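Undergrad: Coordinates for the following, if possible.
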Amino acid sequence: MVSMETIKTDSAVRLHDMSSRQIASMVLILGALTAFSAISIDMYLPAFPQIARDLKVSLGTVQLSIAAFLFGSAAGQIFYGPLADRYGRRRPLLCGLALYVVSAVGCASVHTGQGLLFWRVVMALGGGAGMVISRAIVRDLYNTTEAARMFSLLMLIMGAAPILAPIAGGQLLLITGWRGIFVFLGIFGLISLIAAAVGLPESLPKEKRVQHSFARINAVYWQLLCNRRYVCYSITLGCIAGINFAYISGAPHLFIELHGVSPQHFGLYFCVNACGLIGASQVNRKLLRHTSAENILNVALTVNVLSALLLTAAVITGIGGFTVQAPLIFVCLSMTGLLYPNVTALTLAPFDKAIGSASALLGTIQYILGASAGAFVGILHNGTAVPMAATMAVCGVVGWSVVVVFLRHNSPQSSMYSPGL
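TA: This is a model prediction of the structure:
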């Protein structure tokens, strides 16, 4: 059992020390932490026009607040890893959540577009702690296969955010206005902070914490970037994120403008695709009882890239129209539900030390590549769905290539670290 005294003294615990109720509570908290990015992006999307009118700025300025958040997420995660490896998981996490709460209040209080962009970056810096440290905690407690199953379970919670957040944001917009949405995000952050402080024990023992200088921290990141296996899996995860961000960026144009789907029904299509991703992530948990994460990854990557290529061909030729394109999008996105948990687990599997740093760099690469893919869809916009489909296909091909071509004939490295690191 985990006593409050154990939590207060920051002593690390293992799974066998925890009751089933405490493990369930931990899973819910970790799921909430992994959902910070999705809920922070999706909930205020319906409020864009109102924010632009209220702040007297262009809609483009408000749209930049998404880029500001993604940039802050990519930049912020790189710092939390070393902090989590040096001071344990709890303290950096609680500090990050506190910063998130403060920044949500800042967003709700702004009166200029520049102020909104500033506080969105700060919000990402705070929320990044949850994304990095939740992955590190899972890796602390589970082996590769069990970690992949846990990441699949967390996706069940995280995957609900893209479904519920826009709906909740639209309802809050009717009741409180756009500022109320950020107040709600602040309350969500505060509840998560309290829950983590009370129900999330330290998972990294003091004897396993690293005490490195900043120069040594930079050396750790350099070692990670020189690890072929780590870099290939990280690029693959970034490509998977790129598929999702490209879809999010291009879907409104494809569904609403090109195929005449009403804004109300668009939400239903968005929901169906999100459910496909969630469902696949739960199928992954069952598959892992009978086969390895590597085997699932190879099949899912192949199906993913084939569906993306077929989608591009369908969009360019127009063959089959919407009745062909919609199912291909569903298959492509559903495969990411198999890819996210397995790639994440395989990326972090070899590391017994500096897991926080490995998780942080992984998140940074994921967000940089994912955000770049989403940006390309906007930059290449030509009134068709080709930029979206082609970007998804390119991401799929690159993700498949780095695993199948560069890693298939290379045995995994058990660890890249020397005993003294």
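
Undergrad: Which secondary structure element is home to G320?
TA: Under DSSP states H and E, no helix or strand contains G320.

Undergrad: Would you check that it makes contact with A314?
TA: Yes - G320 is within contact range of A314, at 5.8 Å (criterion: CB atoms under 8 Å). For every residue, glycine as well, the C-beta is placed using N, CA and C.

Undergrad: who's more crowded, those two?
TA: A314 (21 against 14; other CB atoms under 10 Å).

Undergrad: so who does that one touch?
TA: Taking CB atoms under 8 Å, 6 or more residues apart in numbering, we find A314 in contact with 320, 324-325, 328, 389.

Undergrad: any low-confidence regions in the stretch 51-200 of the chain?
TA: Within the stretch 51-200 of the chain, the ranges that satisfy pLDDT under 70 run 59-60, 63, 159.

Undergrad: what about the helices in it?
TA: Applying DSSP state H, counting those that start in this stretch to the stretch 51-200 of the chain gives helices spanning 59-87, 90-109, 113-141, 144-158, 160-176, 178-199.

Undergrad: Minimum distance to T384: which of the ones you listed has it?
TA: helix 59-87 (20.3 Å; CB to CB).

Undergrad: Which of the residues in that closest one are classified as buried?
TA: Using 16 or more other CB atoms under 10 Å as the test for burial, helix 59-87 gives 61-62, 64-87.

Undergrad: what's the answer for stretch 95-115, then?
TA: In terms of neighbour count (16+ other CB under 10 Å), stretch 95-115 has its buried residues at 95-101, 103-104, 106-108, 110, 113.

Undergrad: ditto for stretch 277-290
TA: Judged by neighbour count using 16+ other CB under 10 Å, the buried positions of stretch 277-290 are 277-278, 280-282, 284-285, 287-288.

Undergrad: Reformat the helices of the stretch 51-200 of the chain as JSON lines; add distance to L339.
TA: Shown next, in JSON lines, are those (distance: least, CB to CB, whole Å):
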{"stretch": "helix 59-87", "distance to L339": "20"}
{"stretch": "helix 90-109", "distance to L339": "26"}
{"stretch": "helix 113-141", "distance to L339": "15"}
{"stretch": "helix 144-158", "distance to L339": "11"}
{"stretch": "helix 160-176", "distance to L339": "16"}
{"stretch": "helix 178-199", "distance to L339": "26"}
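
Undergrad: Which one of these lies nearest to S249?
TA: Comparing the helices of the stretch 51-200 of the chain under CB to CB, the one sitting nearest is helix 59-87, at 9.4 Å.

Undergrad: orientation of that closest one relative to helix 90-109 in degrees?
TA: 160 degrees (axes from the mean of the first three to the mean of the last three CA atoms, to 10 degrees).

Undergrad: Packing partners of helix 59-87?
TA: Packing contacts for helix 59-87, counted by 3 or more CB pairs under 8 Å, 6 or more residues apart in numbering; DSSP states H and E, involve helix 36-42, helix 48-55, helix 90-109, helix 113-141, helix 214-225, helix 355-379.
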